[in-house]
Each structure stands twice: as structure tokens, then as C-alpha cells.
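Asker: Predicted model, plus sequence, below.
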Amino acid sequence: MRRFLGFVKKEFLHIFRDVRTLIILFGIPVLQILLFGFVVSTDLKNAQVALMDLSSDEITQKVTDKIFSSGFFSRSETLLSYKDIDKVLRKNKTKAVIVFEKDFGKKLISEGKAVISIITDGSEPNMATLITNYITAIVTDFNRELAGTQAAATQLVQPEVRMFYNPSLKGHFMFVPGVITLIMILICALMTSVTITREKEFGTMEVLLVSPLKPVQIILGKVMPYFLLSFINVIMILLLSWFVFGLPVKGSLVLLLAESMLYILMSLSLGILISTVSKTMQQAIFISFVGLMLPTILLSGFIFPIENMPAGYDWVAALMPPRYFITIIKNIMIKGTGFFYVWKETLVLAVMTSAFILISIRKFKIRLQ
Amino acid sequence: MRTLLYLIRKEFLQIFRDKFIGRAIFGVPIVQMLLLVPAVTFEIKNVKLCIIDRDMTTESRELVNQLEGSTFFKVRFSTFSEQEANDLLHRGKCDLVLQIPSGFGKETGKGNPGRLFISANAINAANAQLSWAYLNGVIRDYNVNLMAKNTGGSTFAPVPQIHVTNRYWYNELLNYKYYMLPGVLGILVLAIGFILAGLNLVKEKESGTIEQINVTPIKKVHFIIAKMVPFLIIGLTDLAIGLIIGKLTFNIPFEGSIALLFLGSAIFLVAVLGLALFISTFSGTQQQFMFTAFFFIILFVLMSGIFTPLESMPGWAQKFNLINPAAYVMRINRMVMLKGSSFQDISRDIFSLVAIAIVFTTLAVYRYRKTA
């Protein structure tokens, strides 16, 4: 035991000696949470929309004012012919064109019907649907006002809606948990996989292996300092998301911290597993960064909800550890649920952690070729 | 010139001597493209509904039937207990709870207003708003029918209505694969080039082999160029592989010139490699480089508008994108591939990228010291 403690102390010294890495280690997650908490959002804001008003009468003027005073759009060009639409959309600044047909106002009064066409840039499908939906909603509203002046149409059915958990509909609630999850798994997996392969690459692993320490102790000793560092990291990140983004911790703080420890442990053991299959630091970095980054961003439900994925992908997503942690944090922090609601996710993370550790122990080679 | 060729050959040998890396450089992009491009959509399918029907009249049942008939909603649960419904919402088993209080049918039948209570899980605010809007649409239709029925359909004179038609250009069916592929491809090229080039130089520093080059009369520019060219070629090969996969498996359209696409990506790669080498001249160990690279790559990727719209970002983030090479290449890729934009359309992006590439590369050459 004393030997082991000595080894852990040595590892701590190693880490603290490299001040630059230490600064980076704490600075990066904090900076990233701050940046991405503000940046990652799918709300519609200031979308550039061009106008092609072939009629220019009182009613088109009213509808136009209503659309552009909504705050979601800002007006870019004014077009005169259909030929210009392609030119404008191709430049990529303008995302949509609103077209009022000829004699819009006259038709509306005499025929009771007039048409607005919305032409959107489908190369960004999400933006295109959002813009279409919002403009349609505004026009529907306008229709209702129009009807209201004609016949006093009362709403017979009055729905009342309550937005649970996030009454002010903040985008942060969706994305901040994802940012935490993404950054923690990448940093933890990178750190452990690199420190262990570093010893291999420089040949110092041999020195450790001939020491009386058991391989398990060597690995544990290497991971322990990072476990502590990451835990401090998580605490800092949670404080930030609380104070800066107003993310509440409605549930038990102790449970949240315990789950975070489990997640860190899982990420660190994933790092260990990566280190057992890679011979050089380059390989370790390649697997834990290039290999993990995109799947974590795309398949964990961070930006793109898993329910919307095509058939079969729920199984692929089930293999991604981050998705469970995202669910856990959202449940504990935002919904305020207890352990009873997240025990399944916790169990999966625990099983994954033990699997990673077991495979690593079996693959760990005492002799170097 | 001959020195340069020899140097480049040496770099290639060094890269591909590591069999794992040699395979991963091409294998990882192929696997990730095939796996990730089809995965992602923003479309909401199947909003899970829980219904508390305390009324149990023909009126309330008709409303439920209309909801069941819509492709957007799936009525998953039906209960009489509010507590159970809230619990289902809590556990994420349903997204919306619709409560029809008793007396709903009676009141609306008499022409009095009837109330409905809806609870939505709004953690994903955008989804919640959209599902609510759809639900409201169904309720509105129901309302119109009800009013027509109550008044015998006679006094319901046609009201002038503005109709909205819409079209999606360049991607009629809103195929998300067309949107994802250029982005995913850009990120893979960025990450692979950035990491490998930077690590390559730091590794030479760490193992001391750089000294052996420093004592030769090789020029600084030649050294940096030789470190860039192999990764430029690798990156463009990855791009070609990615495009072939896109064409063969996802049938991605190529509206514009492929040469223009490669030109954009080549300049992008020079900028990225220049930055990677510049950072590596600062880094003493591969670890230090890796964390700095981690910071920049994630920063470039999440700020570039590849996954979330640029317009939704705050002003300072949009300004940052003026120096973010990933933001330019993402735009160029999408514009050229999907819209068939010409050189004139993207000239500003291309020239900005050229400027960034020149700055980063010059910095790298300047910072690289042959003396320790």
C-alpha cells in the first residue's frame, strides 16, 4: 500500500510539474462551456429574408410589416422578378424569399383568396422548415384578424398550455448538458489514453513493469490523479452552468455529483481501454479524438434528438455512453427527479465501466515486445 | 526543389510506416460517413401523447380520434389519473399530456367555451414549441368543425383567406443527408489534418530527431512545406473518398464544379495545417499540443454553423467566424455541391480563406526555430 501511495504521489507530481498542461486542462472546459453555451442554439433569430412584392398594395404592406416586426426575420433584398430569386439564394446570405402574387389585395377581396409563396433555401433543412413554419403561423394569425373584423368568431375550445421544466423555453436547457457531456468524455479519454501510451512509447513502462507494483496498481495510480482533476473540473462546470446559464439543480446535488463521478470513471476507463490497443500516442489520440468526437456530437442526443433518428439507430445510440449521461443530468438538474428515475441509465454506465476495465485488464500486456 | 521532394518522401514514409495510422486515416472517415450521415434529422416524428379523458363524450372522443389520425402524434397512453400522467411525463415516456376535463362535451355542445389543459415537456424548447403548434392546429380544425356544426353550417360565411404555399429550393424533399454530408466531411478532413500534422512535428521535437534536420542546410520554408504537403494530399484523398461515398450510397447531388470544391478544400487545408504547425512550434510535448488542438478543433466545429445555424449565434460568435476556416469551407462545400454556386458567388469566401492560410503558414515558418 505504501508503495502504491508513493506511486500515486509520483503521478501527481508529474501532472503538477507540467503547469501548461494543467492550465489547459482547467481552462479549456471552462472556456468551452462559456462559449458553446451561448453559441450552440437552434432558435430562429435574425434570419435574412428577401421580399418580392408583385402587388404592393395596402394588404401586402400590412402582412409584410407583421412578418418583419416579429423579430425572427430581418429584411434583406427587395426583388422584382423570379429570375433574381436564384441569384439571391445562391449568395447564401438570404435564406428565404417571400413572394406576393400579382393583384394580391384585389384577389383577396374579390375572390376571397390570395397566395403568398415562401421559397426557402433547402440546403439548410432545419432553417428552411423553421422559417416556413414561423411565416405560416404569422399569416394564419393575420387571417384570424381578418376574420375577426368580418364575423365575431369566438374560439369555442380554449386550450391552456403549460411548458413543464423550462417555462421560459430557454435553449440552454437542451444544449448545456450536452456540452458538459461531450467535453468531459473527450478530455478524460484523451488524458488517460495518452499518459499510459506515453510510458509505452518512451520505454518507461518497462521500468514500471519490473517494479514490484502490480499492473492493476500501475493503472490505478495513473488514473487516480486524473479522476480527482476531472471531478474538480465537473464541479467548476456545474457552477458555471448554474450561475451563467441559469441551469437549476432541482434534484439532489449529492446524486448529481455521484453520477458525475461514475461518468468520469467510465470515460477514464474508456481511455485505459484505448491505451491498451494503441502503441503510440499518435494512435491513442487518433482513436480517442477523431474516433470519438463526431459520434459523440451526433449520436448522443446532444443536438439531434435520438427519437428522430431512422430505424435501427436507437441501437447504435444505445452503445454511446454519453447519451445516458445527458439523460441523467437533464433528469436530475432540470426535472429534479430522484435516483428511481435514472437507475437504468446509471446501471448501463456502471456495466460499461466494468466492461471497459475488465477488457483492459485482460488485454494489458506485462511484457513489451 | 530536389531537397523538398526528398523531404516530402521522407514524411510519407514516416506516416505510413505506422500501419494503424495508415489504415485509420482512410478507414475512420469511411466508417463515420456511412454511419453518421444518415443518422441525423431535425424532423419530429411521433410526438408521444398521453390523454386524460375525464369527459368521455362523443365530443371528446372525436377530438382524440382526430389526434390519432394525424401522422404527427402517437397516442401512447390513456389514463384517468393526473398523477400517473405527470409521472409518464417525468420519466420521458410521453412528450405531451392532454387533459379533457369533464363537462367539455356538454359545454361546447351548448355553445359555451370548453377548456383543455396541455402539459408539455419543454426541456427541448424548440421541439416543445413545434409540437404545441401542431396540437394547436388540430384543435383549431376541431374548433372550426364544432362551430360549423353548432350553427348548422349556415352562418359560416366564407372569410377571405391568405393561403401560404412553400417550396424548398436546392433540396426539394429536405433530405438531411445532403445537409450533413458536406459538414461531416469537412470536419473529418479538418480533424485528421490538424492532429496528424501537428503531432508529427511535436513528436520530432520530443524524440529529438528534429535536431538532425536542424543541422542540415534545409531552409525553414522547405521544412514547413514538407510537413504540410503529405497531409494536404491525405486530406484531399479523404475528401475524394467521401465524395465518392456520398455519390454512390447517398446519391448526393453535385450541382457545381468539383474542381472548385477541391480548390476550396485545398486552401482550407493549408490554413488548418499552417495553424497546426504554428501551435506545434509552441508545444513541448504531444500532450500539450493535443489539448490545444482539442480546444481549437471543437471550437471551429461548433462555431462553424455545421450543426446549428449561424444566424442563431450571438454577434461576437459570428465575428469570430471571420477567422474560422471551418465556417468558410462548410459554406463553400454546401454552396458548390447543393446550389451549384460559381466562383463569383464564393469568391469572397475563397479570398478570405487564402488570407487566413497565408497568415497561419507565415506564422508557422516564422516561429519555427532551427536553433534550440
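Answerer: Cool, the structure landed.
Asker: Give me the distance from stretch A:170-187 to the chain's centre.
Answerer: Computed by CA atoms, centre = their mean, to the nearest Å, the chain-centroid distance of stretch A:170-187 equals 5 Å.
Asker: swap in stretch A:180-195?
Answerer: The answer for stretch A:180-195 is 16 Å, by CA atoms, centre = their mean.
Asker: Would you list the phi and psi of residue B:326?
Answerer: In terms of degrees, to the nearest 10, the main-chain angles of residue B:326 are phi -60, psi -30.
Asker: Now do the helices in the stretch 1-150 of chain A.
Answerer: Using DSSP state H, counting those that start in this stretch, the helices found in the stretch 1-150 of chain A span residues A:2-17, A:19-39, A:58-68, A:83-90, A:104-110, A:125-150.
Asker: buried residues in the first one?
Answerer: By neighbour count with 16 or more other CB atoms under 10 Å in any protein chain shown, helix A:2-17 contains the buried residues A:4, A:7, A:8, A:11, A:15. For glycine as for every other residue, the C-beta is placed from the backbone atoms N, C-alpha and C.
Asker: Kindly calculate the angle that that helix makes with helix A:19-39.
Answerer: Relative orientation of helix A:2-17 and helix A:19-39, computed by axes from the mean of the first three to the mean of the last three CA atoms, to 10 degrees: 70 degrees.
Asker: still on that earlier bit, among the buried residues of helix A:2-17, which one sits closest to chain B?
Answerer: In terms of CB to the nearest CB, no member of these lies closer to chain B than residue A:15, at 10.0 Å.
Asker: so who does that closest one touch?
Answerer: A:21, A:22, A:225, A:226, A:229 (CB atoms under 8 Å, 6 or more residues apart in numbering or on different chains).
Asker: Now list the buried members of these.
Answerer: Buried members of these, scored by 16+ other CB under 10 Å, are A:21, A:225, A:226, A:229.
Asker: how about those in TSV, adding distance to chain B and secondary structure?
Answerer: Listed next are the buried ones among the contacts of residue A:15 as TSV, based on distance: CB to the nearest CB, whole Å; DSSP: H, G, I helix; E, B strand; the rest coil:
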residue	distance to chain B	secondary structure
A:21	6	helix
A:225	14	helix
A:226	12	helix
A:229	12	helix
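Asker: Measure how far stretch A:77-95 is from the centre of its chain, please.
Answerer: 33 Å.
Asker: I'd like the helices of the stretch 1-150 of chain A laid out as JSON lines, including mean pLDDT.
Answerer: Putting the helices of the stretch 1-150 of chain A into JSON lines (pLDDT from 0 to 100) gives the following:
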{"stretch": "helix A:2-17", "mean pLDDT": "85"}
{"stretch": "helix A:19-39", "mean pLDDT": "83"}
{"stretch": "helix A:58-68", "mean pLDDT": "90"}
{"stretch": "helix A:83-90", "mean pLDDT": "86"}
{"stretch": "helix A:104-110", "mean pLDDT": "87"}
{"stretch": "helix A:125-150", "mean pLDDT": "80"}
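Asker: Wait, a strand at residue B:74?
Answerer: Yes: counting by DSSP: H, G, I helix; E, B strand; the rest coil, one finds residue B:74 located in a strand.
Asker: from what I can see it touches residue B:50, true?
Answerer: No: Residue B:74 lies out of contact with residue B:50 (CB atoms under 8 Å); the separation is 10.4 Å.
Asker: more neighbours, the two?
Answerer: residue B:50 (23 against 15; other CB atoms under 10 Å in any protein chain shown).
Asker: Write down the beta-bridge partners of that one, one by one.
Answerer: Bridge pairing for residue B:50 (DSSP bridges) gives the partners residue B:77, residue B:97.
Asker: Surely it is in contact with residue B:97?
Answerer: Yes: under the contact definition of CB under 8 Å, residue B:50 touches residue B:97, with a separation of 4.7 Å.
Asker: Find residues that contact each of the two.
Answerer: B:85, B:88, B:89.
Asker: got a pLDDT number for the second one?
Answerer: At residue B:88, the model reports a pLDDT of 87.
Asker: and what of residue B:155?
Answerer: 48.
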